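1. Show me the folded form of this:
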Amino acid sequence: MKVSIFLKTHEYNLKTTVRFIFNMKLFPKFIIEEENLILMIVKNHRDIATKVKGGGSYIFDNETNSYTLYRESYEFGAVKIEDIKKCIDDGKVYTNVKLIHSITDKNNFSFYNGSKKN
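-> Reported below is the predicted structural model:
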């Protein structure tokens, strides 16, 4: 993907990077394909994979190395929290479709379903 090469070779502050990504209409999205959780910056969920259980969006916090997964895919629907938990517990969380390097051990994960706790 041209955007990932561009972002790696140029040093920009976070605001410029975020503005660039959103101007390109690319967004942080995730899907579960088979038993793998895949997080990428793409235009559509279908750009990641086609055999999908569901998906959504995510936010990454650099300071805490934390991914917060939220919402649902308009193309594939919502994922079950059990499927997300299984991928994380099994160490099958990736940032590429080739499933080369799991990021499970170096990051924290949470899921926000939009409900408020009393």
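
2. Please make it C-alpha for all contacts and neighbour counts, starting now.
-> OK.

3. Strands of this protein, residue ranges please.
-> Assigned by DSSP state E, the strands in the chain fall at 27-33, 36-42, 54-61, 66-70, 93-94, 108-112.

4. Would you tell me which of these gets closest to D83?
-> Closest approach to D83 among the strands of the chain is made by strand 27-33 (7.7 Å; C-alpha to C-alpha).

5. other SSEs contacting the closest one?
-> strand 36-42, strand 54-61 (3 or more C-alpha pairs under 8 Å, 6 or more residues apart in numbering; DSSP states H and E).

6. how long is stretch 88-96 end to end?
-> 15 Å (C-alpha to C-alpha, to the nearest Å).

7. cool, stretch 50-58 as well?
-> So stretch 50-58: terminal residues 19 Å apart, C-alpha to C-alpha.

8. which parts of it are buried?
-> 52-58 (16 or more other C-alpha atoms under 10 Å).

9. In JSON lines, list those residues along with pLDDT.
-> Shown next, in JSON lines, are these (pLDDT from 0 to 100):
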{"residue": "V52", "pLDDT": "89"}
{"residue": "K53", "pLDDT": "90"}
{"residue": "G54", "pLDDT": "92"}
{"residue": "G55", "pLDDT": "93"}
{"residue": "G56", "pLDDT": "93"}
{"residue": "S57", "pLDDT": "93"}
{"residue": "Y58", "pLDDT": "94"}
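
10. re the thing from before, any chance of the helices and strands packed on strand 27-33 in CSV with distance to D90 as columns?
-> Output for these, formatted as CSV (distance: least, C-alpha to C-alpha, whole Å):
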stretch, distance to D90
strand 36-42, 9
strand 54-61, 18
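
11. a markdown table for the strands of the chain, including distance to G77?
-> Shown next, in a markdown table, are the strands of the chain (distance: least, C-alpha to C-alpha, whole Å):
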| stretch | distance to G77 |
| --- | --- |
| strand 27-33 | 10 |
| strand 36-42 | 15 |
| strand 54-61 | 5 |
| strand 66-70 | 12 |
| strand 93-94 | 19 |
| strand 108-112 | 15 |
